[in-house]
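1. Sharing a sequence plus its predicted fold:
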Amino acid sequence: MDREEHRYNLAGRGVSGNVAGRFERLTVDAVDDGWDLDEGPLPMMRTHVSEEAARSVITYNCSPDLPFDRSINPYRGCEHGCVYCFARPSHAYLGMSPGLDFETRLIARPQAADVLRRELAAKRYQVAPIAIGTNTDPYQPIEKKYKITRHLLEVLSEVNHPVAIVTKGSLIERDIDILSDMATRGLVRVGISVTTLDARLGRLMEPRAPAPGRRLQMIERLAKAGIPVRVMASPMVPALTDPELEGILEVGRDAGARSASWIMLRLPHEVSELMQDWLAKHYPDRANRIMARLREMHGGKAYDANWHTRMRGTGPYADIIAQRFDLAVKRLGLSTLSPPMRCDLFRPPRQASAQLDLF
């Protein structure tokens, strides 16, 4: 642990400590040495951003649970600080904590657009929709400075490449000019995650993400620009946010969303400890009930990574949520499938050449 979090003011952060990553051999704990000195107000824990020169940016997967086989993540870590974020364990691969490090020690990939252009120009490249924002949010606050996501979209628009975006970040509205133009060519769709309609709960769970009302405004503005939008009721937290499922879908529909989806809370690796600590602090009266429901859906464990069931769980409780979702989307006229995107318009990027074009 490079920074001792107990010496900082953690206001606006999702978690309260740096849980050790699963690959670390040593852990560090704060111990009271008896010198209880009043040194005045604690300084705020600031966000630190480092840069990475990526050799490739397109990540391929063969998961049967995902509707895409490739994705791009402009950033590692996410300042939104969502306590439940399933991507937190990815920071352990970097030798950092999935706790505070994940939301305060970020890595940007400034040359991502240039690398993407090179990868799309490869003769072996076969076009298929690229997903952006599947691990960490592409429109988190540092995007305002780096504009990596915008530069990626500029490349994708130039070559007519389909892209699906998932975000909570209101900064996506900055790129409506690109997205609306791509939408006219059938090249884009956007998913906006709405976890709760309760602003107080949202601030506790997602301290630096836009408030629920602001996300509905994002849906409205994107939809009015002709961009297909999906409202994502994700993640559903048993006995905490799942009573809001129908309400989230309805206000999302009213704001302009054409389709909808849901995912149950997932607690892989270190996220389980972080979430349980958060529940004990903020909802001690429901903590046991919430964890009991999750274990019921995952064979007695807080999480099970099995294909086909990891996103929603199994058993009576998971079935009830799925049935409620199906009934709600039918009543509201929402689709469970996003509009298909076109792949036939793709043209590989032009490479620099001393030879003039024939046409």
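-> Perfect, I can see it now.

2. can you give me how far stretch 50-62 is from the chain middle?
-> Taking Cα atoms, centre = their mean, to the nearest Å, the mean C-alpha location of stretch 50-62 is offset from the chain mean by 17 Å.

3. Need the contact partners of that stretch.
-> 68-73, 76, 105-112, 115-116, 119, 130, 152 (Cβ atoms under 8 Å, 6 or more residues apart in numbering). Just so you know, the C-beta spots here come from the backbone N, C-alpha and C atoms, and that holds for glycine as well.

4. Out of the residues you listed, which end up buried?
-> 68, 70-73, 76, 105-109, 111-112, 115-116, 119, 130, 152 (16 or more other Cβ atoms under 10 Å).

5. so where's the chain uncertain?
-> 1-7, 23-40, 42, 351-359 (pLDDT under 70).

6. now the helices for it?
-> 100-104, 112-121, 143-146, 148-158, 176-184, 199-205, 212-224, 245-255, 271-282, 287-297, 316-332 (DSSP state H).

7. so which of those comes closest to residue 193?
-> Closest approach to residue 193 among those (Cβ to Cβ): helix 212-224, 7.5 Å.

8. what comes up buried for the closest one?
-> 212, 215, 216, 218, 219, 220, 221, 222, 223.

9. do the same with stretch 184-192
-> 186, 187, 188, 189, 190, 191, 192.

10. quick one on the thing from earlier: tell me the most buried of the helices of the chain?
-> helix 100-104 (a mean of 27; mean count of other Cβ atoms under 10 Å).

11. which other residues reach it?
-> Contacts of helix 100-104 (Cβ under 8 Å, 6+ apart): 3, 5, 10, 13-18, 45-48, 77-81, 85, 87-88, 91, 96, 208.

12. How about the contacts made by the closest residue to residue 153 other than its chain neighbours?
-> Residue nearest to residue 153 in three dimensions, not counting chain neighbours: residue 178, with 4.8 Å by Cβ to Cβ, 6 or more residues apart in numbering. By Cβ under 8 Å, 6+ apart, residue 178 lies in contact with 150, 153, 154, 157.

13. got it, and residue 161?
-> Neighbouring residues of residue 161 by Cβ under 8 Å, 6+ apart: 120, 127, 130, 155, 187, 346.

14. if we go to 7 Å?
-> For residue 161, the contact set (Cβ atoms under 7 Å, 6 or more residues apart in numbering) comprises 120, 127, 130, 187, 346.
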